[in-house]
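A.B. asks: attaching a predicted model along with its sequence, questions to come.
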Amino acid sequence: MLTPKRFIPFRRIAIPVIGQTLPQNALNLARELGGDIVLYPLTPSFHGEKVNSPRQKRKQVSKWQESIGLNVRIQVLPESEGWPSLRQSLESNLPDLLLLEIPYHFQGTFTLHEVLSSTPCNLALIRGPWPEHYGNVLLPLRGGPHAELSLRLALGLHDFRLTALHLVGPERSQIEGPFRGLARILPSFRDLTYKTAASDQPAQTILEESRQADLLIIGAAARPTPETSGLGSTAENLLNQAACSVVVVKSAQPVPELWSGPESERIGYKAISVLVDKWFAENTFHADEFADLHELVTLKEKQNVTISLALPALNEEETVGQVISCVKSALMEQVPLLDEIVLMDSNSTDRTREIAAELGIPVFIHQEVLPQYGARRGKGEALWKSLYVTKGDIIVWIDTDIVNIHPRFVYGILGPLLHFPQIQFVKGFYRRPIREGEKIQATGGGRVTELTARPLINMFYPELSGVIQPLSGEYGGRRRALERLPFFSGYGVETGLLIDVFEHYGLSSIAQVDLQERIHHNQPLEALSRMSFLILQAFIRKLEQRYHLPILEEVNKSMKFIRYEEGRYSLLVQEVVEQERPPMIEIPEYLEKHPHARP
Ligand SMILES: O=c1ccn([C@@H]2O[C@H](COP(=O)(O)OP(=O)(O)O[C@H]3O[C@H](CO)[C@@H](O)[C@H](O)[C@H]3O)[C@@H](O)[C@H]2O)c(=O)[nH]1
Ligand SMILES: O=C(O)[C@H](O)COP(=O)(O)O
């Protein structure tokens, strides 16, 4: 069974070591966080010998590796051993986190003031003892770079129970600007409890709350007063008084000048990265992880689910045969992974349907399915109606113009759905070559993805900004989830489904899988311009629904295409309209055909 993936918030954690005794609390925290540990021995001798010789260095590394039980690296500093030489080395090697222990590192080696005023990277100070068991972590948050760093660090602790505590002044009912970024993302973490409390004495309230905690993680003050060490009085009091272990963090990001007022919201705009990075680490897979097809079949049988593959096609006679034979042979005939494969044709005028029928799979013309609801053009219409004609509990779609077809395009999508019950929807991603004349360039494909879809996602749905190929035609999901969502009829369908799955089931219900490389028929620029126009409409519709604003009715839905012939330009106007179908579950004929579906 595949183990869930871990979010490793810091790839490299630097820990200075004084003499031969290791800072155990710092090491315990680093071990919990995963990632590489880089030790900086501050006394360049070991058993009385210089460590600079390769032999001594190896000896020291292996002794520490033995005692830490992890792969550690050692960074030997030049002769001078104080803060300036450590700082210089950190500056050139820039770890993701410098981890220091109180009092271990501050007994004559460094001063808190020099460390706080000139650390070139993110910093965490730990005051032990390290909890003996995985327990409760309290995470008081106020917003801003240090709070974001504490959240990132806390989310790297996997077996603890996390509680984020947002303290507001008793008179303040509104969320402060700097906290907005965090307020937006905190409800999305399934493994974190989020509560708000009113208090005019934050240090006191946190101290009381920390009585139930085994570990307290707190950000340094955004604006420490000159009398305090630079951590701020709240963090300093908690370091001295809390009964549990305390971690204080200070981000390398500068704290903006304007902590209040309308501009202050911008302070929290980077918080979204914590959510996206965690999702990306935990929900991104590679198809090779699911290449054991017998394991997938066993999972499918255990869960007692059936699986359908629906293939949308419009004039794909060159590739459709290869696509069907490849997946049918590998995933239906050699192993019983797929229960059905159907072709959803958009009324092709070439041999597409004939080829599919010859290969023994059911063929539907989507315009003829549920004709009482009309016959719209478009790929989304084919997908919507494929929900009606197929039976599987899980549905996968792959495009039929794939030139380099491989069974992983299907089993890769199925992998996360069969392994993880919380996953509702899986998108494929890949490297995208592009054909230029007779040549194939290794990169440069996905023009609509990069120039339309991803910029819009980053702007309006930043939670989804880690989705590598939001428009990929290779994806799938659980019928229970898909039948409850509307479908755009045209090329807006991928955009709409991705946003709706996110809005209805949350980011953690989405996974993505590396399918390596996909070569398809690259459409001419004008066709992609039309596709972008449809995708823009899909975005506007989703934003309308989110913000309850009528915009789409007002905007122009015709597009001028520019022609250049015989030295002259001309304009051709065409209507390019994206429309939405209601969730399939609202269609009475669907409920009749799928009696297990419940509205
Ligand atoms: O009316 C149509 C149009 C297309 N297709 C099929 O849909 C698939 C994808 O269409 P294509 O025109 O090749 O789209 P791409 O240029 O590849 O566009 C990308 O971006 C689109 C918009 O998100 C997605 O629908 C595609 O799957 C994705 O590959 C192919 O199998 C087509 O045969 C239909 O079934 N009906
Ligand atoms: O997914 C896309 O962005 C469009 O299908 C265009 O892809 P292409 O630039 O690889 O043709």
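C.D. replies: Yep, it's here. Ligands and ions are numbered 1, 2, ... in the order given.
A.B. asks: what about the closest residue to ligand 2 within the stretch 1-150 of the chain, how many residues close to it?
C.D. replies: Relative to ligand 2, the nearest point of the stretch 1-150 of the chain is Lys5 (26.2 Å; Cβ to the nearest ligand atom). All C-beta atoms are positioned from the backbone trio N, CA, C, and that covers glycine. Lys5 has 14 neighbouring residues, counting by other Cβ atoms under 10 Å.
A.B. asks: what's the average pLDDT for the host helix or strand of Leu296?
C.D. replies: Element membership of Leu296 [criterion: DSSP states H and E] is helix 293-303. The pLDDT scores in helix 293-303 average 98.
A.B. asks: where does Ser472 sit: helix, strand or coil?
C.D. replies: Using DSSP: H, G, I helix; E, B strand; the rest coil as the criterion, the local structure at Ser472 reads coil.
A.B. asks: tell me what the lengthiest helix in the chain is packed against?
C.D. replies: For the chain, the helix with the greatest residue count under DSSP state H is helix 525-547. Applying 3 or more Cβ pairs under 8 Å, 6 or more residues apart in numbering; DSSP states H and E, we find helix 525-547 packed against helix 447-448, helix 454-460, strand 487-488, helix 493-505, strand 558-565.
A.B. asks: quick one: which of the ones you listed is nearest ligand 1?
C.D. replies: Across the helices and strands packed on helix 525-547 (criterion: Cβ to the nearest ligand atom), the nearest stretch is helix 493-505, sitting at 3.8 Å.
A.B. asks: any bit of that closest one sitting next to ligand 2?
C.D. replies: No - Helix 493-505 is not in contact with ligand 2 by Cβ under 6 Å from any ligand atom; minimum separation 8.7 Å.
A.B. asks: for the helix holding Leu296, packing partners?
C.D. replies: Judged by 3+ Cβ pairs under 8 Å, 6+ apart, the packing partners of helix 293-303 are helix 408-419.
A.B. asks: now the helix it packs on: average pLDDT?
C.D. replies: Mean pLDDT, helix 408-419: 98.
A.B. asks: mind checking how far that helix is from the chain centre?
C.D. replies: Centroid separation between helix 408-419 and its chain, computed with Cα atoms, centre = their mean, to the nearest Å, is 18 Å.
A.B. asks: equivalent analysis for stretch 426-434, please.
C.D. replies: Using Cα atoms, centre = their mean, the offset of stretch 426-434 from its chain centre is 16 Å.
A.B. asks: with just CA atoms, put the helix holding Leu296 into PDB.
C.D. replies: Output of helix 293-303 as PDB, limited to C-alpha atoms (Å, rounded to 0.1, in the frame of the first residue of the first chain):
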ATOM      1  CA  LEU A 293      -1.700  -3.200 -12.100                       C
ATOM      2  CA  HIS A 294      -2.500  -6.300 -10.000                       C
ATOM      3  CA  GLU A 295      -2.300  -4.100  -6.900                       C
ATOM      4  CA  LEU A 296      -4.800  -1.600  -8.500                       C
ATOM      5  CA  VAL A 297      -7.100  -4.500  -9.400                       C
ATOM      6  CA  THR A 298      -6.900  -5.800  -5.800                       C
ATOM      7  CA  LEU A 299      -7.800  -2.400  -4.500                       C
ATOM      8  CA  LYS A 300     -10.600  -2.000  -6.900                       C
ATOM      9  CA  GLU A 301     -12.100  -5.400  -5.900                       C
ATOM     10  CA  LYS A 302     -11.700  -4.700  -2.200                       C
ATOM     11  CA  GLN A 303     -13.500  -1.400  -2.600                       C
END
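A.B. asks: helix or strand next in line after it, which one?
C.D. replies: strand 307-313.
A.B. asks: give me the mean pLDDT for stretch 338-347.
C.D. replies: Taken as a whole, stretch 338-347 carries a mean pLDDT of 98.
A.B. asks: what residues does that stretch touch?
C.D. replies: Contact partners of stretch 338-347, identified using Cβ atoms under 8 Å, 6 or more residues apart in numbering, comprise 306-314, 320, 324, 327-328, 331-332, 352-353, 356, 361-367, 377-379, 381-383, 385-386, 389-392, 400, 410.
A.B. asks: how long is that stretch end to end?
C.D. replies: Counting by Cα to Cα, to the nearest Å, you get 25 Å between the two ends of stretch 338-347.
A.B. asks: in the stretch 251-400 of the chain, what residue lies closest to ligand 2?
C.D. replies: For the stretch 251-400 of the chain, Cβ to the nearest ligand atom, closest residue to ligand 2: Asp399, 9.2 Å.
A.B. asks: check contacts around the closest residue to that residue other than its chain neighbours.
C.D. replies: Nearest residue to Asp399 in three dimensions, chain neighbours excluded: Gly473, at 3.7 Å (Cβ to Cβ, 6 or more residues apart in numbering). Counting by Cβ under 8 Å, 6+ apart, Gly473 touches Pro312, Lys379, Trp397, Ile398, Asp399, Glu494.
A.B. asks: ok, now Gly374?
C.D. replies: Residues counted as contacts of Gly374 (Cβ under 8 Å, 6+ apart): none.
A.B. asks: quick check, pLDDT for it.
C.D. replies: pLDDT for Gly374: 95.
A.B. asks: Thr228 too?
C.D. replies: Thr228 carries a pLDDT value of 67.
A.B. asks: same check on the one 10 residues further on?
C.D. replies: At Leu238 the predicted local confidence, pLDDT, stands at 92.
A.B. asks: again, but for the one 10 residues further on
C.D. replies: On pLDDT, Val248 comes in at 96.
A.B. asks: ditto for Gln174
C.D. replies: The model's pLDDT for Gln174 equals 65.
A.B. asks: give me the phi and psi for Tyr40.
C.D. replies: Per-residue torsions, Tyr40: phi -110, psi 100 (degrees, to the nearest 10).
A.B. asks: please read the previous query as pertaining to Ser465.
C.D. replies: Phi and psi for Ser465, reported as degrees, to the nearest 10, are phi -70, psi -10.
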